[in-house]
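Peer 1: sharing a sequence plus its predicted fold:
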Amino acid sequence: MSVQPVKFYQVGSWAAGNRLLRPEDRSVQADPQRANSLTSGHRACQGCGEALGARYVLDTASRVTNGRIVAVNATGCLEVFSTPYPESAWRLAWLHSLFGNAAAVASGVAAALRVRGDRDTRVIAQAGDGGTVDIGLGCLSGMFERGDDVLFVCYDNEAYMNTGVQRSAATPPAARTTTTPVVGAVPGNRFGQGKDVPRIAMAHRIPYVATATVADLRDLEAKVAKAIGLRGARYLHVLVPCPLGWGTASGDTIRIARLATQCGLFPVYEAEDGTVTATTPIRRQVPVEEYLKAQARYAHLFAPEPRRDLIDAIQAMADHNIDEYKLLDGE
Amino acid sequence: MLRQIEGSRAVAEAVAACRPQVIPAYPISPQTHIVEALAELVSAGSLAPCEFLTAESEFGAMSVAIGASAAGARAYTATASQGLLFMVEALYNASGLGLPIVMTVANRAIGAPINIWNDQSDAMSQRDCGWIQLYARDNQHAADLHVLAFRLAEQLSLPVMVCMDGFVLTHAVERVDVPDQSTVDAFLPPFAPRQVLDPGDPVSIGAMVGPEAFTEVRYLAHLRNLDALERIPALAKEYGALAGREVPGLVTPYRMVDADIAVVALGSVLGTLADAVDSVRADGIRAGVLGITAYRPFPFEQVRQALRKVRRVVVLERAFAVGVGGIVSADVYSAIRTPLWTVVAGLGGRPVTAGSLRGMLREATTDRLKPLTFLDLDHDRVRRELRAVGGAR
């Protein structure tokens, strides 16, 4: 008799399905009355992590606010696949202006709501990693510093996917993109110190900063609900795998996102007023190899010659995160 | 009430009387006095409810205005020069989305070399960004144009740029009848946006438009912009009647009735030109001036009518297109289709003196003016520089 691999939903109480929960504890998505803020029929790729993340973020915000939200969107995949004129997949008040100004536009919306005496409607700005960590960082920092009443959500898929997988400042070391090709002694993206925008956000001492992934959607929902309940500038950084850019199977998006957290490369935590207040512990640490091997953007680390040196360097980054955020201490 | 007042203060008070609701600002000379005055008024609570936001850049400031306007607030900002250029992407966005933002441009040169003084290179560089552009001839005109601009913008759902010469107007103290609250309230109704970001009635604003409809979108924007040519004279008349003075709308002719030679210009130089015209007329030169207030949309018909009897046309340019020559000249030429002279003058704050203008008029009348002339050009310096770099011309 062959051994059946254990399925995720069988591994223990933490993965309890909705059926076992009281109705009020169930996921927003389990509710037939969910807002469907980003409704079906849009043009995202199969397995798009960003589409999934955005739907959860906005449906949760919709539920918490009784539908009183305005979303401001940066240019990028999310904007392009959701609003090819004359269609729109948005079932909420939505504005797209430019690539680099989502935070500032959202500040303007929030100011307008205040002067019009609307205290109920909440403003969410959303952008990909390019629109957040690169071209949008100036406006984002201004929004943080002024303390404008905006929740900014970055859907990080670690490159400019909309324009065809070019490197961004959020692209991890050794990853292949079309502008960091696999040539030379250090193939793919360079090893550097990176640009850690959640930490940059924390340095502004805004009331709330959190990271999340589409692997743990309940956690994402909880963080959105918490963030929406606060006032001032808030920041949520969501890891959203991109099957096209990462070279992964469409059905693997959730698994890849989970591996990113389980290996330590993507620490999941919350910070209030500039201090980390909670981390999601790694229950079962996996070597980074397991995460890297699943993605074609890292294929050059394993063939034709295994690049142990580079894999070790990436493992060191994961170990550093585990150490810094004490990700194994929860077990 | 007539007051001796700085141009920037007069404009700030006129803007304040228009009851703006969101004012994002980023400092750049020579616009700063306007937003400083508004910051003071907002802080004092005399504009409530109104939010004053200090943006992290001009790009951010215009973006805040975009968000505020789309969410139904009357939005205003001011900038100049490099700041206007740093906003460019957002300028096209504001007009494309049809957001009735009003902005003052305190006209200033563009570097390099860095230069904080007045010319109109900044606004001229953005003549095609889809905004309506109005140019003030003096500070009374500047104050009045802002009131008109809000009403025009909101009628057409288009952004309006009110251009006033930096320093020459913004920092000049002169007699201005600052629009009072009751006059402005009678003229300018509360902002009723064409569409608004409202969770109760959600719309998607800023969709992606492909080849199948983009041309039509642009054409419709053109028609909407042209609508201003009908609206501006009517609004100027209506507002002028309320304010009890004449408010120049599309164009302002001066001694054009019997003119042989006309000088076309925009902005504060119109006053000096009128002086120069008066004095050369004493010498028997029948000169006149055609001031253009509405530069975008361009009032082709009014320009054609005003210039139909003159024999010579000189266009005085406070900016120019490197590699081409005149900017306004091209528009005037396409209105009248007869040869004209382009005179580039007053770049980077060089004074345009009545004396130079008189000389220019005399040369033009006797056909000694070159088709493209740079007024008061220091030919010696140019020759020295050309020799130093081995220049061909």
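Peer 2: Received, thanks. Keep in mind it's a predicted model, so treat the numbers as computed, not measured.
Peer 1: any stretches of the stretch 151-300 of chain A with poor pLDDT?
Peer 2: Under the criterion pLDDT under 70, no range of the stretch 151-300 of chain A is flagged.
Peer 1: and the residue of it closest to chain B?
Peer 2: Closest to chain B within the stretch 151-300 of chain A is residue A:162: 10.8 Å, counting by Cβ to the nearest Cβ. All C-beta spots, glycine's among them, are computed from the backbone N, C-alpha and C.
Peer 1: so who does the closest residue to that residue other than its chain neighbours touch?
Peer 2: Distance criterion Cβ to Cβ, 6 or more residues apart in numbering or on different chains; nearest residue to residue A:162, sequence neighbours excluded, is residue A:77 at 4.4 Å. Residue A:77 sits next to A:44, A:48, A:50, A:128, A:161, A:162 when contact means Cβ atoms under 8 Å, 6 or more residues apart in numbering or on different chains.
Peer 1: which two of the residues you listed have the greatest separation?
Peer 2: Greatest spatial distance in the contacts of residue A:77: A:44 and A:128, 12.4 Å, computed using Cβ to Cβ.
Peer 1: these two - which one has more neighbours?
Peer 2: residue A:128 (32 against 19; other Cβ atoms under 10 Å in any protein chain shown).
Peer 1: can I assume that one is in contact with residue A:163?
Peer 2: No. The criterion here is Cβ atoms under 8 Å, and residue A:128 misses it with residue A:163 at 10.5 Å.
Peer 1: any common contacting residues for residue A:44 and residue A:128?
Peer 2: With Cβ under 8 Å, 6+ apart as the test, residue A:44 and residue A:128 both reach A:50, A:77.
Peer 1: so for the closest residue to chain A within the stretch 151-300 of chain B, what's the pLDDT?
Peer 2: Closest residue of the stretch 151-300 of chain B to chain A, Cβ to the nearest Cβ: residue B:206 (3.3 Å). Predicted confidence (pLDDT) for residue B:206: 95.
Peer 1: which ones are touching the residue lying closest to it once chain neighbours are set aside?
Peer 2: Nearest residue to residue B:206 in three dimensions, chain neighbours excluded: residue A:96, at 3.3 Å (Cβ to Cβ, 6+ apart). For residue A:96, the contacting residues are A:72, A:73, A:74, A:75, A:79, A:83, B:204, B:205, B:206, B:207, by Cβ under 8 Å, 6+ apart.
Peer 1: residue B:125 too?
Peer 2: B:84, B:85, B:110, B:319.
Peer 1: would you mind measuring from it to residue B:299?
Peer 2: Residue B:125 sits 21 Å away from residue B:299, going by Cβ to Cβ, to the nearest Å.
Peer 1: in helices only, show me the contacts of residue A:77.
Peer 2: Among these, DSSP state H puts residue A:50 in helices.
Peer 1: quickly find the element holding the closest residue to chain B within the stretch 101-250 of chain A.
Peer 2: Among the residues of the stretch 101-250 of chain A, residue A:108 lies closest to chain B, at 2.6 Å counting by Cβ to the nearest Cβ. Per DSSP states H and E: residue A:108 is located in helix A:102-115.
Peer 1: kindly export that helix (C-alpha atoms) in CSV.
Peer 2: Provided in CSV are the C-alpha atoms of helix A:102-115 (Å, rounded to 0.1, in the frame of the first residue of the first chain):
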residue,chain,number,x,y,z
ALA,A,102,-2.0,56.1,-4.9
ALA,A,103,-1.1,57.2,-1.4
ALA,A,104,-1.5,60.9,-2.2
VAL,A,105,-4.7,60.4,-4.1
ALA,A,106,-6.0,58.5,-1.1
SER,A,107,-4.9,61.3,1.2
GLY,A,108,-7.0,63.7,-1.0
VAL,A,109,-10.0,61.4,-0.8
ALA,A,110,-9.7,61.2,2.9
ALA,A,111,-9.4,64.9,3.2
ALA,A,112,-12.5,65.4,1.0
LEU,A,113,-14.5,63.0,3.1
ARG,A,114,-13.5,64.9,6.3
VAL,A,115,-14.5,68.3,4.9
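Peer 1: which parts of that helix are buried?
Peer 2: Applying a neighbour-count criterion of 16 or more other Cβ atoms under 10 Å in any protein chain shown, one finds A:102-115 buried in helix A:102-115.
Peer 1: which of the residues you listed sits closest to residue B:351?
Peer 2: residue A:104 (38.3 Å).
Peer 1: what's the pLDDT at that closest one?
Peer 2: 98.
Peer 1: I'd say it and residue A:139 touch.
Peer 2: Yes. Counting by Cβ under 8 Å, residue A:139 is a contact partner of residue A:104 at 4.1 Å.
Peer 1: overlap in contacts of those two?
Peer 2: B:56, B:59, B:60, B:63.
Peer 1: just the buried ones from those residues, in ChimeraX syntax?
Peer 2: In ChimeraX, this line selects whichever of the shared contacts of residue A:104 and residue A:139 come out buried by 16+ other Cβ under 10 Å:
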select /B:56,59,60,63
